[in-house]
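Participant: I would like to see how this sequence folds:
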Amino acid sequence: MNDTHPNPESIPVPSIRSATAQDLKKIDLFLADFVAAGRVLPRTIDELELLIPTGFIAELNGQIVGFVTLEIYSKKLAEIRSLCVRPIMQGQGIGKNLINACIELATSRNVFEVMAITSTEDFFRNCGFDFTLPGEKKALFLQTRDTP
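Facilitator: As a prediction, the model looks like this:
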């Protein structure tokens, strides 16, 4: 019997690590395709530089295959920002591992709530996010202009 499916143990698994200042240009290049596709908002180098200390990279064979950052606003609230995983690598748990790294960081810094603004709500619901918090608290938004 010839099995044509790859052995799951032979599929390389990306490592998740904290982003560093040396990753800045690679992150900017990585995000460019997602920005062009309208999947994430554009970030200046200065903005990315501020987000690096709370950012995480999924890396495989020295290449970035995923990125996320946690923007901490206060002890009460942080936001998942710029979650991107290479399309060919999606569905392998990389995004969830990146989200978990952000949640662990928020927990270690005693941040009370973590939010995500997304067009992929099912993914975030599978990561434990919901539309309401205890006490039926919900986030509401008002857009003040057509473009970012």
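Participant: roughly how far does T107 sit from I94?
Facilitator: Noted for T107: a distance of 20 Å to I94, by CB to CB, to the nearest Å. From N, CA and C alone the C-beta is placed, and that goes for glycine too.
Participant: so these two - more neighbours on which side?
Facilitator: Neighbour count, other CB atoms under 10 Å: between T107 and I94, I94 has more, with 21 against 10.
Participant: the nearest residue to P42 once chain neighbours are set aside - how many residues pack around it?
Facilitator: Leaving out its chain neighbours, the residue that sits closest to P42 by CB to CB, 6 or more residues apart in numbering is V35, at 4.8 Å. The burial count assigned to V35 is 15, neighbours taken as other CB under 10 Å.
Participant: for V35, what are its contacts?
Facilitator: Contact partners of V35, counting by CB atoms under 8 Å, 6 or more residues apart in numbering, are L41, P42, R43.
Participant: host element of it?
Facilitator: Assessed by DSSP states H and E, V35 sits inside helix 24-36.
Participant: following element in sequence after that helix, please.
Facilitator: Assigned by DSSP H and E, the successor of helix 24-36 is helix 45-51.
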